[in-house]
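1. any chance you can model this:
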Amino acid sequence: MFLILSTKWDCDGASDQKQYKQKFCDDHVSNESIFMVSMVPIRLELEISVLWNNPYPVSTKYCRPI
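-> Next up, the predicted model:
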């Protein structure tokens, strides 16, 4: 028996965005330009049966940064 996790991943580069509420030790460092790689689980299977299926694969609810 083995588990199969089907996922999708994507990159998002955003620049000139509003700064978040994170404070940095150095005043010259900011998070105005962010590049993020995220992974979303689609389905978890046990051999031929589906244990879990993501009901909203395009939603950010299950999206996690890598």
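2. so where's the chain shaky on pLDDT?
-> Residues of the chain meeting the criterion pLDDT under 70: 13-23, 30-34, 63-66.
3. my guess is Pro41 contacts Leu5, does it?
-> Yes - using CB atoms under 8 Å, Pro41 makes contact with Leu5 at a distance of 6.2 Å. For glycine as for every other residue, the C-beta is placed from the backbone atoms N, C-alpha and C.
4. so those two - more neighbours on which side?
-> Of the pair Pro41 and Leu5, Pro41 is the one with more neighbours under other CB atoms under 10 Å, namely 16 against 11.
5. show me where this protein has strands.
-> 3-14, 34-46, 49-53, 64-65 (DSSP state E).
6. which strands and helices lie in contact with the first one?
-> Under the contact criterion of 3 or more CB pairs under 8 Å, 6 or more residues apart in numbering; DSSP states H and E, strand 3-14 touches strand 34-46.
7. same check, this time on the third one
-> For strand 49-53, the helices and strands in contact under the criterion 3+ CB pairs under 8 Å, 6+ apart are strand 34-46.
8. export the strand it packs on as PDB, just CAs?
-> This file holds the C-alpha atoms of strand 34-46, laid out as PDB (Å, rounded to 0.1, in the frame of the first residue of the first chain):
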ATOM      1  CA  ILE A  34       8.000  39.600  -3.200                       C
ATOM      2  CA  PHE A  35       8.600  36.400  -5.200                       C
ATOM      3  CA  MET A  36       6.700  33.400  -3.900                       C
ATOM      4  CA  VAL A  37       6.500  29.800  -4.800                       C
ATOM      5  CA  SER A  38       3.500  28.000  -3.500                       C
ATOM      6  CA  MET A  39       2.100  24.400  -3.600                       C
ATOM      7  CA  VAL A  40      -1.500  23.300  -3.500                       C
ATOM      8  CA  PRO A  41      -2.600  19.800  -2.700                       C
ATOM      9  CA  ILE A  42      -5.100  18.400  -5.200                       C
ATOM     10  CA  ARG A  43      -5.800  14.900  -4.200                       C
ATOM     11  CA  LEU A  44      -4.700  12.200  -1.700                       C
ATOM     12  CA  GLU A  45      -5.100   8.600  -2.900                       C
ATOM     13  CA  LEU A  46      -4.500   5.300  -1.300                       C
END
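9. that'll do, ta.
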